[in-house]
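Colleague: Predicted structure and sequence below. I'll ask about it afterward.
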There are 2 protein chains.
Amino acid sequence: MKIIRSIKEMQQTMKQLRSSGKTIGFVPTMGYLHEGHLKLMNEARKNNEIVVASIFVNPLQFGPNEDFESYPRDIERDEALAKQAGVDYIFYPDVKEMYPTELSTEVHVKKRVDVLCGKSRQGHFDGVATVLLKLFNIVMPDRAYFGLKDAQQVAVVDGLIKDYNIPVELVPVETVREEDGLAKSSRNVYLTEQERKEAPELYKSLQKAVEKITAGETDLEKIKSEIIDDITRKTSGKIDYVEIYSYPQLEPIAKPHGKMIIAIAVKFGKARLIDNVIFTV
Amino acid sequence: MKIIRSIKEMQQTMKQLRSSGKTIGFVPTMGYLHEGHLKLMNEARKNNEIVVASIFVNPLQFGPNEDFESYPRDIERDEALAKQAGVDYIFYPDVKEMYPTELSTEVHVKKRVDVLCGKSRQGHFDGVATVLLKLFNIVMPDRAYFGLKDAQQVAVVDGLIKDYNIPVELVPVETVREEDGLAKSSRNVYLTEQERKEAPELYKSLQKAVEKITAGETDLEKIKSEIIDDITRKTSGKIDYVEIYSYPQLEPIAKPHGKMIIAIAVKFGKARLIDNVIFTV
């Protein structure tokens, strides 16, 4: 496994690999790798001759009151994990390399952002779109891997790729779950023993909702109420949102139709857990 | 020469050519080709194995009161001219192919735009940047050719390429001129016989300014005044602007320094002529 810190070297290396006919799978990350990232790397490993991961804590996607400075970083641990997962190249630039001068342009994401978690993170996805436009041009991958745990990010990336005809295939990867269904998250360690026991109810309530819709239920407000009731009754969590939208457009729908997402965010003490199901009726 | 109208076919064709090691030179145009375009195609022909031109009147770069509908189009004439100039592929999509649905994102050009001709064309360069991001991803060229007659466009494209690390080499091509120095333009036909005789004074005044600065003149306000005097005395044209900036940043400078541009716009009846010189001190 090779670590490359310069954009120019990365572009030259990738160009050579591409022109020799190799397929490139790409996993963009902010480092501090967890099982979710490793699953993405494993998926990339299965279907590409070369696997590239980037590790870059992108200042542009943090709000002024967010934790850019204190975001956890551990490159040595990340290196070991990526190597184990079969990554061939890590692209690990510093901020000066990625943003040497003030940008002369800006990308603004207009759709798919003012819902779910995006509502409270003004400008977050503009930063995500900017860094991904750069990374796609630097790595020039055939396929890019994103986890469906952050289904809104996948929707935004889908829009970005279509808008600019980026020659990359977006590969959404299923959320990694514990045995009992709880979506894996670095935030799960904040849960008390009791909360940890309750937390699988989130996914259970989502599965139940999918079953009902698939069986013919068309009242989405009723479905939402039932999820809220379920979680309120069975857990001590405080519901932030329960939303149902078309996917990946993330637009409101009156009745079940086509590809849809049910997404929830629930607070347990200082842990805010999110989960979602995407399905087609 | 082959004409391709579908994005998918274009991307597949270009991908194949690239993976077989061919270099691709790209000339983006809005069609209705003139000598300026043909010079770009000739330059592309000299240094690349494959030459691609795009013909697309991009609605996004026209303002609401501009002439998108009436912009001249003549694909048959363009085909003949492009073929003669040695173009291998024309990419000729329709608006529906390029913008099938409303974009979910937008690119906004923040710098290099509120000066020269950009001042009076709000949003124009946002449209240029958007379509170029798309075209670069569709054609995947090694080199892209732009005429320096529109030096501001070259500056904006330079910013765009750097911002997003687009793996393409920007090749700015010298303005094509008549024997007497007048920059070639489709608008020159609007000049009366008398105006046509006067018009070469624009370039002469620019050349004189460069000579003076190169010889040590540091007072740029004086240089501007002299250009204005020259053009006012020797022509019937009405000066729109005479500006001196750093290039390609297009920022004001107090003294001659580094790479600079002197740019002018002058109205002769209904013909608005522009010209510029770019030089380094």
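Modeller: Sure, I can see it.
Colleague: Buried residues in whichever strand or helix holds A:L40, which are they?
Modeller: Element membership of A:L40 [criterion: DSSP states H and E] is helix A:35-47. In terms of neighbour count (16 or more other Cβ atoms under 10 Å in any protein chain shown), helix A:35-47 has its buried residues at A:G36, A:H37, A:L38, A:K39, A:L40, A:M41, A:E43, A:A44, A:R45. Every residue, glycine included, has its C-beta placed from N, CA and C.
Colleague: Present the residues you listed as a markdown table; the columns should include distance to chain B.
Modeller: Converted to a markdown table, the buried residues of helix A:35-47 look like this (distance: Cβ to the nearest Cβ, whole Å):
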| residue | distance to chain B |
| --- | --- |
| A:G36 | 25 |
| A:H37 | 23 |
| A:L38 | 27 |
| A:K39 | 27 |
| A:L40 | 22 |
| A:M41 | 23 |
| A:E43 | 23 |
| A:A44 | 20 |
| A:R45 | 22 |
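Colleague: Just name the closest of those residues to A:T280, please.
Modeller: A:E43 (21.1 Å; Cβ to Cβ).
Colleague: show me the contacts for the closest one.
Modeller: Contacts for A:E43 (Cβ atoms under 8 Å, 6 or more residues apart in numbering or on different chains) come out as A:G25, A:Y145, A:V171, A:V173.
Colleague: quick check, A:S70 in a helix?
Modeller: No - assessed with DSSP: H, G, I helix; E, B strand; the rest coil, A:S70 is coil; it does not lie in a helix.
Colleague: So what's the residue count around it?
Modeller: 7 (other Cβ atoms under 10 Å in any protein chain shown).
Colleague: cool, and A:I244?
Modeller: Around A:I244 there are 19 residues (other Cβ under 10 Å).
Colleague: Next: A:R272.
Modeller: 16.
Colleague: Now for it: which residues touch it?
Modeller: A:R187, A:D240, A:A265, A:V266.
Colleague: I'd like to know how far the residue nearest to A:E251 when sequence neighbours are not counted sits from A:A151.
Modeller: Leaving out its chain neighbours, the residue that sits closest to A:E251 by Cβ to Cβ, 6 or more residues apart in numbering or on different chains is A:Y245, at 6.0 Å. Distance of A:Y245 to A:A151, given as Cβ to Cβ, to the nearest Å: 10 Å.
Colleague: Need the residues touching each of these two.
Modeller: With Cβ under 8 Å, 6+ apart as the test, A:Y245 and A:A151 both reach A:I261, A:A263.
Colleague: State which one residue of the stretch 1-150 of chain A is found closest to chain B.
Modeller: A:S104 (3.3 Å; Cβ to the nearest Cβ).
Colleague: which parts of chain A sit against chain B?
Modeller: By Cβ under 8 Å from any Cβ of the partner chain, the residues of chain A that approach chain B are A:7, A:11, A:15, A:18-19, A:21, A:102-112, A:129, A:133-134, A:137-138, A:140, A:156, A:159-160, A:162-167.
Colleague: are any of those residues buried, and which?
Modeller: For the residues of chain A next to chain B, buried by 16+ other Cβ under 10 Å: A:7, A:11, A:18, A:103-107, A:109, A:111-112, A:129, A:133-134, A:137-138, A:140, A:156, A:159-160, A:162-167.
Colleague: re earlier: give the other helices and strands that the helix or strand hosting the residue nearest to A:E251 contacts.
Modeller: Per DSSP H and E: A:Y245 is located in strand A:238-246. Secondary-structure packing of strand A:238-246 (3 or more Cβ pairs under 8 Å, 6 or more residues apart in numbering or on different chains; DSSP states H and E): helix A:220-234, strand A:259-268.
Colleague: Give me the angle between the longest one and strand A:238-246.
Modeller: Looking back up the chat, that one is helix A:220-234. 150 degrees (axes from the mean of the first three to the mean of the last three Cα atoms, to 10 degrees).
Colleague: Need the max-distance pair from the contacts of A:R272.
Modeller: A:R187 and A:D240 (13.2 Å).
Colleague: show me the contacts for A:L220.
Modeller: A:I213, A:I244, A:I253, A:A254, A:K255, A:P256.
Colleague: Most neighbours among these, please name it.
Modeller: Most surrounded of the contacts of A:L220: other Cβ under 10 Å gives A:I213, at 21 neighbours.
Colleague: Roughly how far does that one sit from chain B?
Modeller: 26 Å (Cβ to the nearest Cβ, to the nearest Å).
Colleague: so that residue sits in a helix?
Modeller: Yes - secondary structure of A:I213 (three-state DSSP): part of a helix.
Colleague: got a list of what it touches?
Modeller: A:L220, A:I223, A:P256, A:M260, A:F279, A:V281.
Colleague: Provide the secondary structure category for the residue nearest the centre of chain A.
Modeller: With distances taken as Cα atoms, centre = their mean, A:D150 lies nearest the centre of chain A, 3.6 Å away. Classification of A:D150 using three-state DSSP returns helix.
Colleague: and it, what does it touch?
Modeller: Taking Cβ under 8 Å, 6+ apart, one finds A:I274 in contact with A:D150.
Colleague: my guess is A:F268 meets A:D240, correct?
Modeller: No - counting by Cβ atoms under 8 Å, A:F268 stays clear of A:D240, with 10.9 Å between them.
Colleague: In terms of neighbours, single out the busier of those two.
Modeller: A:F268 (22 against 15).
Colleague: ok, what's across the strand from that one?
Modeller: Here A:F268 sits in beta bridges with A:A271, going by DSSP bridges.
Colleague: Mind jotting down where the helices sit in chain A?
Modeller: A:7-19, A:35-47, A:75-84, A:95-98, A:124-139, A:151-163, A:193-198, A:201-214, A:220-234 (DSSP state H).
Colleague: quick one, what contacts the residue nearest to A:N58 when sequence neighbours are not counted?
Modeller: With Cβ to Cβ, 6+ apart as the criterion, A:N58 has its nearest non-adjacent residue at 4.4 Å, and that residue is A:V131. Residues in contact with A:V131, defined by Cβ under 8 Å, 6+ apart, are A:P28, A:F56, A:N58, A:L60, A:Q61, A:M98.
Colleague: Contacts only, for the last one.
Modeller: Contacts of A:M98 were listed using Cβ under 8 Å, 6+ apart, and they are A:I7, A:F56, A:N58, A:V131, A:K134.
Colleague: same thing but 10 Å
Modeller: Residues near A:M98 by Cβ atoms under 10 Å, 6 or more residues apart in numbering or on different chains: A:I7, A:S54, A:F56, A:N58, A:P59, A:L60, A:T130, A:V131, A:K134, A:L135, A:I138, B:N165.
Colleague: Could you tell me how many residues sit around the nearest residue to the fifth one once chain neighbours are set aside?
Modeller: By that I understand A:P59. Among residues not flanking A:P59 along the chain, A:F68 sits closest, at 5.3 Å (Cβ to Cβ, 6+ apart). Around A:F68 there are 14 other residues, counting by other Cβ under 10 Å.
Colleague: Export the helices of chain A to TSV and append columns for mean pLDDT.
Modeller: TSV is the format used below for those (pLDDT from 0 to 100):
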stretch	mean pLDDT
helix A:7-19	95
helix A:35-47	97
helix A:75-84	97
helix A:95-98	98
helix A:124-139	97
helix A:151-163	98
helix A:193-198	95
helix A:201-214	98
helix A:220-234	97
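Colleague: To B:E49, which of these lies closest?
Modeller: helix A:7-19 (13.2 Å).
Colleague: Please enumerate residues in contact with that closest one?
Modeller: A:2, A:4, A:6, A:22-24, A:26, A:49-50, A:52, A:54, A:88-89, A:91-93, A:97-98, A:100, A:134-135, A:137-142, B:15, B:18-22, B:142, B:165, B:167.
Colleague: Out of those, which sit inside strands?
Modeller: A:K2, A:I4, A:I24, A:F26, A:I50, A:V52, A:S54, A:Y89, A:F91 (DSSP state E).
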